[in-house]
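In: Return a 3D structure for these sequence lines:
(one chain, ligands or ions: 3)
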Amino acid sequence: MLGFGTFTHSNTSTGRKPGMGYDVPEGVDIRGRYDPEFATVLTKEALQFVVELQREFRNHIKYAMDCRKEAKVRYNNGALPGFDPATMYIRDAEWVCAAVPPAVADRRVEITGPVERKMIINALNSGAKVFMADFEDALSPTWENLMRGQVNLRDAVNGTISFQDPARNRVYKLNDRTAKLFVRPRGWHLPEAHIFIDGEPATGCLVDFGLYFFHNYAAFRQKQGDGFGPFFYLPKMEHSREARIWNNVFERAEKMAGIERGSIRATVLIETLPAVFQMDEILYELRDHSVGLNCGRWDYIFSYVKTFQAHPDRLLPDRVQVGMAQHFMRSYSDLLIRTCHRRGVHAMGGMAAQIPIRDDPAANEAALELVRKDKLREVKAGHDGTWAAHPGLIPACMEVFTNYMGNSPNQIETMKRVDAATVSEEDLLQIPRGVRTLDGLRLNTRVGIQYLAAWLTGTGSVPLYNLMEDAATAEISRVQNWQWLKYGVELNGDGLGVKVTLDLFGRVVEDEMARIEREVGKEKFRKGMYKEACKLFTQQCTAPTLDDFLTLNAYNNIVIHHPSGSSRL
Ligand SMILES: CC(=O)SCCNC(=O)CCNC(=O)[C@H](O)C(C)(C)COP(=O)(O)OP(=O)(O)OC[C@H]1O[C@@H](n2cnc3c(N)ncnc32)[C@H](O)[C@@H]1OP(=O)(O)O
Ligand SMILES: O=CC(=O)O
Ligand SMILES: [Mg+2]
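Out: Ligands and ions are numbered 1, 2, ... in the order given. Coordinates of the predicted model:
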């Protein structure tokens, strides 16, 4: 964790003029910039709800994070993750989750994107069945992004959201038919350093969830969920005890709102290696609030490296070679489908990183073909739906799923995948095959630096080399470089026997910075945060011990406390 200082004064003692600060409940200090629009979501009542969640669950969260640390020590001492004998009774028993709400029975194509105003409108209008609005991988969690995101979501749920693009003289508004909204709060590990509760930074996801739920549950249930909802995606969990906390948070929220237990529904991303051994247990904890699991494939690859950071016998090949055809990835998807369908809920596929290529029709068609192939593999395997990163991909994804599923909303009852019940620990941990190359090291470096430069300036998802890059894909670049450097690996795909050393990495960084400058142009390079990003990325790749998350390590750089002069974390 970052070294957070304690801070106990209220708004009035931070130097703001009376009447200029947020109206906060006892124990809350808001250090983010005051904005009258933000004040419409940072109401005293909504903050009181966040405070209650924070006070009730902070010790549970702390315990869960301590357990993560203990597990890391075990893995670093040579242990492998696996199925827990103590919860075999949950895996072996026959039980199902609550019935899927009719409003989201059909989720064949879901679009994702940050909680940015224009993108929210475009995504809701995109023709996808679901839009996952993201406070997580696709968002740089600056105060401005987070608070504007809350305002945007409130307007979207109310149906009043609009956006005027002066450059194009175009006004964006919602269509009559829109995608169903899911919201992804941040992971348990991320603090919100602009809101202090009882002298400590709030838990980021409780702020995201609490404010969104408080302002939107009533309108959402009426306009979007046919009596159910709101709906969520839950990221980066490592153990079912973390799902239990979410379940308790949901019950607490339902009680506060006076709505039926089981109204809130969530899809959990299985995107950490430890969590793949906990899928039944996670669904069991959330059985009254679940709408399935999703293959968060990019974070999953990142987590494979992170979990095995002290296992030099498990090095990854180049990032581009770690696809769904690898045995460990296919096994994970198969077991996820088997588990979800046995428990009566959706098994969602993952994100193909290709995006449309506007200026090259042949390359565009090749990218689309890769997406189609990926989606065909998913639907044939039994997935009930999939993710698209861009509106331009929705027709292709929709076509593949509809050709295969026809009018059925999903495959929960028809694709039980009993054959996948035998997927074993060995299958899930099998070392990925492939080779390591200097090009791989260069690409990781070029992408990692450019992504961080964007993230530092408030953009959390970017197009790079015709692919979508977000926090999860950038993590792969970072940890892979770290792993190769740590073990001085041989780049065995080049046939030259070159080893990855600090010296080689230093030269690669220099070359790639020069290349980035050429590609983006001198002016953009000078005005951007490429040098800062380079310094951070280099530090992260060469650190003696691996940082748990690049976004946590870099977070201080985007924390801006107001009034200016008050301490940063
Ligand atoms: C690993 C994971 O967690 S995956 C999930 C998290 N990641 C994401 O959600 C990434 C989502 N995708 C994106 O952010 C974007 O598609 C990017 C950054 C990759 C590319 O965005 P752009 O460079 O703006 O793409 P492009 O210029 O082709 O956009 C064309 C139009 O589509 C819109 N658009 C592009 N992607 C999206 C999206 N995901 N949702 C809504 N609208 C979108 C743009 O806003 C633009 O609209 P306009 O024509 O009205 O101005
Ligand atoms: O969140 C999705 C992922 O692939 O990571
Ligand atoms: Mg992810």
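
In: Under a three-state scheme, what state does the residue in the stretch 451-569 of the chain that ligand 2 sits nearest to occupy?
Out: Minimum separation of the stretch 451-569 of the chain from ligand 2 (CB to the nearest ligand atom) falls at A472, amounting to 3.4 Å. Quick note: C-beta positions are derived from backbone N, CA and C, even for glycine. At A472 the chain is in helix, as set by DSSP: H, G, I helix; E, B strand; the rest coil.

In: Grab the nearest non-local neighbour of it.
Out: W298 (3.7 Å; CB to CB, 6 or more residues apart in numbering).

In: can you confirm the one you found is in a helix?
Out: Yes - judged by three-state DSSP, W298 forms part of a helix.

In: Next up, phi/psi of L234, please.
Out: phi -120, psi 120 (degrees, to the nearest 10).

In: before we move on, what about G292?
Out: phi 90, psi -170.

In: and it, what pLDDT?
Out: As predicted, G292 sits at a pLDDT of 98.

In: Settle this for me: it is touching G344, isn't it.
Out: No - counting by CB atoms under 8 Å, G292 stays clear of G344, with 9.2 Å between them.

In: So between these two, which is more surrounded?
Out: G292 (28 against 18; other CB atoms under 10 Å).

In: wait, what's in contact with the more buried one?
Out: The contact partners of G292, by CB atoms under 8 Å, 6 or more residues apart in numbering, come to T267, V268, C340, V345, H346, A347, M348, D384.

In: Spatially nearest residue to the fifth one (excluding sequence neighbours)?
Out: For H346, the nearest residue in space outside its immediate sequence neighbours is G292; the separation is 3.3 Å by CB to CB, 6+ apart.

In: residues in contact with whichever residue of the stretch 1-150 of the chain sits closest to ligand 3?
Out: Proximity of the stretch 1-150 of the chain to ligand 3 (CB to the ion) peaks at D137, 4.5 Å away. By CB under 8 Å, 6+ apart, D137 lies in contact with R184, P235, W298, D299, G460, S461, D470, A471, A472.

In: again, only using 10 Å
Out: With contacts defined as CB atoms under 10 Å, 6 or more residues apart in numbering, D137 is in contact with 112, 114, 184, 186-187, 235-236, 269, 271, 296, 298-299, 351, 460-461, 469-475, 551.

In: just those that are near ligand 3?
Out: E271, G296, D299, A472 (CB under 5 Å from the ion).

In: which residues are common contacts for G292 and G344?
Out: C97, V100, L283, I412.

In: sorry, back to before: mind telling me the two of the contacts of G292 farthest from one another?
Out: V268 and D384 (14.6 Å; CB to CB).

In: Surely the residue nearest to A472 touches E475?
Out: Yes - between W298 and E475 there is a contact at 7.7 Å, judged by CB atoms under 10 Å.

In: Got phi/psi on the spatially most central residue of the chain?
Out: Here the mean C-alpha position of the chain is nearest to the C-alpha of D137 (CA atoms, centre = their mean), at a distance of 3.7 Å. Dihedral pair for D137: phi -50, psi -30, per degrees, to the nearest 10.

In: distance of it from V183?
Out: 13 Å (CB to CB, to the nearest Å).

In: Could you pick out the residues of this structure near ligand 1 for me?
Out: 111-113, 118-119, 122-123, 134, 137-138, 298, 351, 355-356, 389-391, 461-463, 468, 470, 472 (CB under 6 Å from any ligand atom).

In: Show me which of these are buried.
Out: Among those, the ones that count as buried by 16 or more other CB atoms under 10 Å are 111-113, 118-119, 122-123, 134, 137-138, 298, 351, 355-356, 389-391, 461-462, 468, 470, 472.

In: Okay, L546 and N557: tell me how far apart.
Out: With CB to CB as the criterion, L546 and N557 are 19 Å apart.

In: quick one: which of these two has more around it?
Out: L546 (18 against 15).

In: and the more buried one, what is it in contact with?
Out: So L546 contacts K72, N76, V305, K306, Q309, A310, R478, V479, W482, Q483, K486, Q540 (CB under 10 Å, 6+ apart).

In: How many residues are close by the fifth one?
Out: Here the number of neighbours of Q309 (other CB under 10 Å) works out to 18.

In: Low-confidence stretches in the protein?
Out: Under the criterion pLDDT under 70, the flagged ranges of the chain are 1-20, 564-569.

In: Now do the same for F131: helix, strand or coil?
Out: F131, by the three-state scheme (three-state DSSP), is strand.

In: for L546, same thing?
Out: Here L546 is recorded as coil under three-state DSSP.

In: Please report how far it lies from F277.
Out: For L546 relative to F277 (CB to CB), the value is 21 Å.

In: And V104, by the same measure?
Out: 27 Å.

In: between the two, who's got more neighbours?
Out: Comparing V104 with F277 by other CB under 10 Å, the one with more neighbours is V104, at 26 against 22.
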